[in-house]
Each structure stands twice: as structure tokens, then as C-alpha cells.
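# Build me a structure from this.
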Amino acid sequence: MELKDKVIIITGAGQGLGRQFALDCAANGMKVALADIDAEAMEKTRKECEAKGVEARGYELNVTREAEVEAVYSQVVSDFGTLDATVNNAGILRDSLLVKEKDGEIRKFPLSKWQEVIDTNLTGV
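So this is what the prediction gives:
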């Protein structure tokens, strides 16, 4: 499959796997649309992709907000003229169990924090 000049959007592109997906796609000649809630990290990845000689654009995006997702995807199509692929990579991790025991005491993880994880990792995008 020829990847050169194909357009891909990658969510969570500012760090971790999303960043690596972006760099690998750029290394294969793909045009990359980078979406992340962390604009600074996304911008760093964008510059690294551009250094590989491809068109790279960044979009600040919170994947839990449907209207933002729709707006960013529309903007990507407007900016690049098409969209060939998506990597729905955005995700968060909270270092906790819903309920855990520590030092003989039962501690609860706030349900609101748990819901952030579910909204981002399962519902988002």
C-alpha cells in the first residue's frame, strides 16, 4: 500500500504512542494532522514531523467534546483536501483503582476522575 501523500489524523499525538505513530507516518511520507489537548506537546511533534519533509498541522482537541471533534475533522478535510485514515489514539491514565486499601484504610477514587478516563478512552472520538 502506498502511503506517500496520504492524509492521516492522529489523536493524542503530543506524546507516547500517538507521537510515535505521527513520526512513523511522516517517515513514510504521509501528511499528518496532529490532534491533542496539550497544544505545546502537539506543536513539538508537529515540528518533528515537518523535519521529515512532510506537511504537518496541529489541532488542539479535547476528544470528549463532540462538537470539537466534528469541527477539527472538518477543518482537517478543508486544510488537506481529504482524509484517508484516522488513528484514534487519545487516552488518559489515572494511577488508581476505583476502590483500594492503603495502610489499612479504604480509599475511594473520585467517581468524577473515573468518568474522565471513561469519557476519554472509551467514548471520545
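# can you give me the strands in this structure?
7-11, 31-36, 56-60, 85-87, 99-102, 105-108 (DSSP state E).
# Other residues contacting the helix or strand bottoming out on mean pLDDT in the chain?
Lowest by mean pLDDT, DSSP states H and E among the helices and strands of the chain is strand 99-102, with a mean of 74. The contact list for strand 99-102 (CB atoms under 8 Å, 6 or more residues apart in numbering) reads I106, R107, K108, F109. Just so you know, the C-beta spots here come from the backbone N, C-alpha and C atoms, and that holds for glycine as well.
# Okay, now the unreliable bits of this protein?
Applying pLDDT under 70 to the chain flags residues 94-98, 125.
# all helices for it, in order.
16-27, 39-50, 66-80, 111-118 (DSSP state H).
# Please identify the buried residues of the last one?
Within helix 111-118, no residue qualifies as buried by neighbour count (16 or more other CB atoms under 10 Å).
# Could you export it as PDB, CA atoms only?
Written as PDB, here are the backbone C-alpha positions of helix 111-118 (Å, rounded to 0.1, in the frame of the first residue of the first chain):
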ATOM      1  CA  LEU A 111     -16.100   9.000  40.500                       C
ATOM      2  CA  SER A 112     -15.600  12.200  38.500                       C
ATOM      3  CA  LYS A 113     -12.000  11.200  37.800                       C
ATOM      4  CA  TRP A 114     -13.000   7.700  36.800                       C
ATOM      5  CA  GLN A 115     -15.600   9.200  34.500                       C
ATOM      6  CA  GLU A 116     -12.900  11.400  32.800                       C
ATOM      7  CA  VAL A 117     -11.000   8.200  32.000                       C
ATOM      8  CA  ILE A 118     -14.100   6.500  30.600                       C
END
